[in-house]
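1. fold the stuff below for me.
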Amino acid sequence: MSETTTDIPDVIDELGPVDWIVVEFPGSQFKGEIAPALADLVDRDIVRVLDLLILKKDDDGKLEAFEISDVDDTELGALRSYETELAMLLNEDDVQAVAAAVEPGSTAAVLVWENVWAAPFGSAVRRAGGQLVASGRIPVQALLAVIEEDDEYLAKAGV
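-> The predicted model follows:
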């Protein structure tokens, strides 16, 4: 059964927060080694993949962008199974912005996903009249740096 325009507010109300990441892999090939970890998250209804794009930038900076249907199966692993679920949210401007951040001679994957686990909370907030006004993420590298600094401080203090 297809959704009508009047059904869209109901669908949106049930959505969880949507995030995106770009992961870069030095070298000329994206390998599907992350596919099992992503598949596990999808299978457990923690996330729902909304868009997935592969970018390859050669050593001269020339960019190629691939949708899942364009990429060789050996490079994808189980990621191809998400092809029918993808919403194709990323546009040409998004691709160019990501490309500017990718180093020459690298491959990058752009992943957009819904945090399905948070959908009930988000829906409850919206029904209560609330709205998201800020969000953020702390990179793991920043956390590790703080922990390392704390360890060094404690070691110097003799604790």
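
2. now do the helices in the chain.
-> With DSSP state H as the criterion, the chain has helices at 8-13, 35-43, 73-76, 92-101, 119-127, 140-157.

3. can you lay out those helices as TSV showing mean pLDDT and distance to Val49?
-> C-beta coordinates here come from the backbone N, C-alpha and C atoms, glycine included. Formatted as TSV, the helices of the chain follow (pLDDT from 0 to 100; distance: least, CB to CB, whole Å):
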stretch	mean pLDDT	distance to Val49
helix 8-13	57	17
helix 35-43	87	6
helix 73-76	54	13
helix 92-101	87	16
helix 119-127	91	15
helix 140-157	88	21
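
4. any idea how far Val42 lies from Trp117?
-> Distance, Val42 to Trp117, using CB to CB, to the nearest Å: 12 Å.

5. can you check Lys62 too?
-> Lys62 sits 39 Å away from Trp117, taking CB to CB as the criterion.

6. higher neighbour count, these two?
-> Trp117 (14 against 9; other CB atoms under 10 Å).

7. quick one: contacts for that one?
-> Gly16, Asp45, Ile46, Val47 (CB atoms under 8 Å, 6 or more residues apart in numbering).

8. okay, the closest residue to Asp94 other than its chain neighbours: pLDDT?
-> Sequence neighbours aside, Val110 is the residue nearest to Asp94 in space, at 7.6 Å (criterion: CB to CB, 6 or more residues apart in numbering). Val110 is assigned a predicted lDDT (pLDDT) of 88.

9. what pLDDT does the residue lying farthest from the centre of the chain get?
-> Going by CA atoms, centre = their mean, the residue of the chain most distant from its centre is Gly158, 41.9 Å out. If you check Gly158, the pLDDT there is 86.

10. quick one: it from Glu148, how far?
-> 18 Å.

11. repeat that for Glu14.
-> From Glu14 across to Glu148, the span is 41 Å (CB to CB).

12. looking at those two, which is more packed in?
-> When Glu14 and Glu148 are compared for neighbours, Glu14 comes out ahead with 14 against 10, by other CB under 10 Å.

13. tell me who's in contact with that one.
-> Contacts of Glu14 (CB under 8 Å, 6+ apart): Ala119, Ser123.

14. list phi and psi for the closest residue in space to Asn115 that isn't next to it in sequence.
-> Nearest residue to Asn115 in three dimensions, chain neighbours excluded: Gly16, at 4.3 Å (CB to CB, 6+ apart). Phi and psi for Gly16, reported as degrees, to the nearest 10, are phi -90, psi 180.
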